[in-house]
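>>> got a predicted structure plus its sequence, pasted below:
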2 protein chains.
Amino acid sequence: MSASRIVYLNGEFLPFEEARVPIMDRGFLFADGIYEVSAILDGRLVDNAAHLARLDRSLGEIGIRNPHDSAEWERLQTELVSRNGVTEGLVYMQVTRGVAERDFGFPPADTAPTVMMFTQAKTVAANPLAAKGARVITVEDLRWKRRDIKSVALLAQVLAKQQAVEAGVSEAWMVEDGAITEGSSSTAFIIRGRTLVTRPLSTALLPGITRASVLRLAAEADLTVEERLIPVSDALEATEAFYTSASAFVMPVIEIDGRRIGDGTPGPLTRRLRELYLELARAG
Amino acid sequence: MSASRIVYLNGEFLPFEEARVPIMDRGFLFADGIYEVSAILDGRLVDNAAHLARLDRSLGEIGIRNPHDSAEWERLQTELVSRNGVTEGLVYMQVTRGVAERDFGFPPADTAPTVMMFTQAKTVAANPLAAKGARVITVEDLRWKRRDIKSVALLAQVLAKQQAVEAGVSEAWMVEDGAITEGSSSTAFIIRGRTLVTRPLSTALLPGITRASVLRLAAEADLTVEERLIPVSDALEATEAFYTSASAFVMPVIEIDGRRIGDGTPGPLTRRLRELYLELARAG
């Protein structure tokens, strides 16, 4: 949070300290909004077209008009990244249903959506955690039923991640009916032999952008993909495990609920997938 | 929204137009906050001690420190109501986990919660809808699993209420596993003969403050209380139905999913309960 940090809010590039939203913003009162996060690597946006497509889809699912087409979004993102001089990190985008007197139903159709973006500079490629491997715990999945929508109604995810923090680990994998749905802010994968396993898409989980890229890269790592439910017991017996997200890329998991996965270091196939993903990301 | 409307934000009484929160407020980014609403009738707060107790409980459940004790809350509420000259309507209170760089886990323990309050002047006692009776539809309950916590993660409720608006009715009753959980912003009741039926408290619904008062008043209306699940089919065959909330008080329901309840006008026992509740509310 340097003094010169610039954020985007409703058409303006503003100093971070001045960027505020009215208390009647529906994002603040009702979690009535959508967000996306794209990574920045070597100064370029990673998988950004897919993130913008998912933003458009999420907005459509809850009936918020997308205020920009993808070209305009990318122009705004690029300008924000440039103004902040970020070469590695992420750009966060949020759109809410706008500002209106508090009432559960939608406000008048001409209510302008609130559009907000900020950047975070951070090391994403040479993340030390990727070298060491992450530990995860499993927690109950408390979320609503439309997890395919990337909404800002994130309280369940906050509580899940906080359980991870308090357990001294990096991520919480949420469990419903005995199977892992996904991480609090990531997609869960396991490897058994040469089989890469992840949960199939449904309303129970977010259609991960990095997830999709990794599935496309599996063949290059000589992995067969199996999309099926992952019982916790399967995860504990995996030969390797990892999670993906826009900013974690492919993050090796070395321990689940205190049980060592493989030899307790990042697995070779996971490391290979991370390399392949970073190559892809860098190639733009 | 008159020019002189005053809201409360973090220790200050501010003109409505100036009340803004930083984009990094966790209420705006994560729905990481709690709210309450108390009605104002004859210039006095209704059932306020119970609302403040529930606020304290909700905050505790998600690990946000309650910034005020009940006496201080009531002092602030009373001052806000007085400054706005509201004699009938409601006072809304919201507490979030405060402002911090975006990260799912809790911010440092010394992060100050955001405290916000506003009033809405509206007719709550002589509400014309109460004389006419409300129509409701049933919708799927999409919410998370901790509905006993009154959090601002309200997107599912917003979408439910909007379905009601689009159907031209007043409220949506949410249904899970064939039974009504509660309304999008109210508690559901039916009457069969002299039996008042509502769902028992659990994590599946909010412990309604008006609900509790109405249950205590049932004996005065010669009603026996039965707390059990309400299958939709039972609701459609009810002799009377109504919903309760801090601002709707006891709202007669005359139609569910297009099916007339009783003779299609507010039922006599429901009207009696509304009278009894208003007497209680006015008695303070």
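Now that the structure is in, tell me what you want to look at.
>>> could you give the number of residues near A:Phe104?
Neighbours of A:Phe104 under the rule other C-beta atoms under 10 Å in any protein chain shown: 21. All C-beta atoms are positioned from the backbone trio N, CA, C, and that covers glycine.
>>> quick check: closest non-adjacent residue to it.
Spatially, and ignoring its direct neighbours in sequence, A:Phe104 is nearest to B:Lys161 (3.7 Å; C-beta to C-beta, 6 or more residues apart in numbering or on different chains).
>>> am I right that that neighbour is in a helix?
Yes. According to DSSP: H, G, I helix; E, B strand; the rest coil, B:Lys161 belongs to a helix.
>>> contacting residues for it?
B:Lys161 makes contacts with A:104-105, B:171-172, B:184-185, as judged by C-beta atoms under 8 Å, 6 or more residues apart in numbering or on different chains.
>>> hang on, A:Leu273 packs against A:Phe249?
No. Using C-beta atoms under 8 Å, A:Leu273 is not in contact with A:Phe249, being 9.3 Å away.
>>> let me know the secondary structure of the residue nearest to A:Leu205 when sequence neighbours are not counted.
Distances taken as C-beta to C-beta, 6+ apart place A:Glu182 nearest to A:Leu205, at 4.4 Å, with adjacent residues excluded. Counting by three-state DSSP, the backbone at A:Glu182 sits in strand.
>>> quickly note the distance from A:Glu182 to chain B.
13 Å (C-beta to the nearest C-beta, to the nearest Å).
>>> distance of that residue from A:Thr138?
Distance, A:Glu182 to A:Thr138, using C-beta to C-beta, to the nearest Å: 11 Å.
>>> anything in contact with each of these two?
The contact sets of A:Glu182 and A:Thr138 overlap at A:173-174 (C-beta under 8 Å, 6+ apart).
>>> for those two, indicate the residue with more neighbours.
Each of A:Glu182 and A:Thr138 has its neighbours counted (other C-beta under 10 Å); A:Glu182 has more, 26 against 19.
>>> now do the contacts for that one.
For A:Glu182, the contact set (C-beta under 8 Å, 6+ apart) comprises A:147, A:173-174, A:188, A:199, A:205-206, A:208.
>>> rerun at 7 Å
Contact analysis of A:Glu182 by C-beta atoms under 7 Å, 6 or more residues apart in numbering or on different chains lists A:174, A:188, A:199, A:205-206.
>>> of all those, which comes closest to B:Ser38?
A:Met174 (34.6 Å; C-beta to C-beta).
>>> who's the closest one bridged to?
A:Val139, A:Glu182 (DSSP bridges).
>>> can you tell me how far it sits from A:Arg259?
Counting by C-beta to C-beta, the gap from A:Met174 to A:Arg259 is 17 Å.
>>> which of the two has more residues huddled nearby?
Counted by other C-beta under 10 Å, A:Met174 and A:Arg259 do not tie: A:Met174 has more neighbours, with 24 against 11.
>>> is it true that that one touches A:Ala160?
Yes. Counting by C-beta atoms under 7 Å, A:Ala160 is a contact partner of A:Met174 at 5.8 Å.
>>> okay, and the common contacts of those two?
Each of A:139, A:184 lies in contact with both A:Met174 and A:Ala160 under the rule C-beta under 7 Å, 6+ apart.
>>> any chance you could map the helices in the stretch 51-200 of chain A?
All helices of the stretch 51-200 of chain A, identified by DSSP state H, counting those that start in this stretch, fall at A:70-84, A:128-132, A:155-166.
>>> kindly indicate which of the contacts of B:Lys161 lies nearest B:Val7.
Nearest member of those to B:Val7, counting by C-beta to C-beta, is A:Phe104, at 19.5 Å.
>>> got the confidence number for that closest one?
As predicted, A:Phe104 sits at a pLDDT of 97.
>>> can you pull the contacts of it?
A:Phe104 makes contact with B:157-158, B:161, B:184-185, according to C-beta under 7 Å, 6+ apart.
>>> spell out which parts of the stretch 1-150 of chain A neighbour chain B.
In this structure, the stretch 1-150 of chain A approaches chain B at residues A:1, A:7, A:9, A:19-23, A:25, A:27-32, A:62, A:92, A:101-102, A:104-106, A:116, A:118, A:142-146, judged by C-beta under 7 Å from any C-beta of the partner chain.
>>> show me the beta-bridge partners of A:Met117.
Following DSSP bridges, A:Met117 is listed with bridge partners A:Tyr8, A:Met93.
>>> low-confidence ranges in the stretch 1-150 of chain A?
A:1-3 (pLDDT under 70).
>>> I'd like to know how far A:Tyr251 sits from chain B.
Actually, residue A:251 is Met. It isn't Tyr. Counting by C-beta to the nearest C-beta, the separation of A:Met251 from chain B is 15 Å.
>>> now swap in A:Ala172 and tell me
9 Å.
>>> re the thing from before, which one of the contacts of A:Phe104 sits closest to A:Ser58?
Among those, B:Val158 lies closest to A:Ser58 (C-beta to C-beta), at 14.4 Å.
>>> neighbours of that closest one, how many?
Using other C-beta under 10 Å, B:Val158 is surrounded by 24 other residues.
>>> likewise the one 10 residues further on?
B:Gly168 sits with 8 neighbouring residues when counted by other C-beta under 10 Å.
>>> same question for A:Leu236.
16.
>>> surely it and A:Gly258 touch.
No. Counting by C-beta under 7 Å, A:Leu236 stays clear of A:Gly258, with 9.8 Å between them.
>>> show me the contacts for A:Ala100.
Residues in contact with A:Ala100 (C-beta under 7 Å, 6+ apart) are A:24, A:26, A:107, A:111.
>>> let me redo that: A:Gly105
If you count contacts by C-beta under 7 Å, 6+ apart, A:Gly105 has them with B:161-162, B:165.
>>> in a markdown table, list the contacts of A:Ala100 along with neighbour count and distance to B:Glu74.
Below are the contacts of A:Ala100 laid out as a markdown table (neighbours: other C-beta atoms under 10 Å in any protein chain shown; distance: C-beta to C-beta, whole Å):
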| residue | neighbour count | distance to B:Glu74 |
| --- | --- | --- |
| A:Met24 | 19 | 24 |
| A:Arg26 | 27 | 28 |
| A:Pro107 | 17 | 31 |
| A:Thr111 | 15 | 34 |
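>>> which of the residues you listed sits closest to B:Asn127?
Nearest to B:Asn127 among the contacts of A:Ala100, with distances taken as C-beta to C-beta, is A:Pro107, at 21.5 Å.
>>> against B:Phe30, how distant is that closest one?
On the measure of C-beta to C-beta, A:Pro107 and B:Phe30 end up 22 Å apart.
>>> and what of A:Gln157?
A:Gln157 is 8 Å from B:Phe30, where distance means C-beta to C-beta.
>>> since we're on A:Arg97, how many residues are nearby?
The burial count for A:Arg97: 26, using other C-beta under 10 Å.
>>> I'd say it and A:Arg65 touch.
No. At 9.2 Å, A:Arg97 does not count as touching A:Arg65 under the criterion of C-beta under 7 Å.
>>> joint contacts of those two?
In contact with both A:Arg97 and A:Arg65: A:Pro113, using C-beta under 7 Å, 6+ apart.
>>> next up, the contacts around the residue nearest to A:Lys150 when sequence neighbours are not counted.
Residue nearest to A:Lys150 in three dimensions, not counting chain neighbours: A:Ser58, with 4.7 Å by C-beta to C-beta, 6+ apart. By C-beta under 7 Å, 6+ apart, the residues touching A:Ser58 are A:34, A:149-151.
>>> measure stretch A:133-151 end to end?
29 Å (C-alpha to C-alpha, to the nearest Å).
>>> tell me where the stretch 1-150 of chain A has strands.
With DSSP state E, counting those that start in this stretch, the ranges of strands along the stretch 1-150 of chain A come out as A:6-9, A:12-15, A:20-22, A:33-41, A:44-45, A:89-96, A:114-121, A:134-140.
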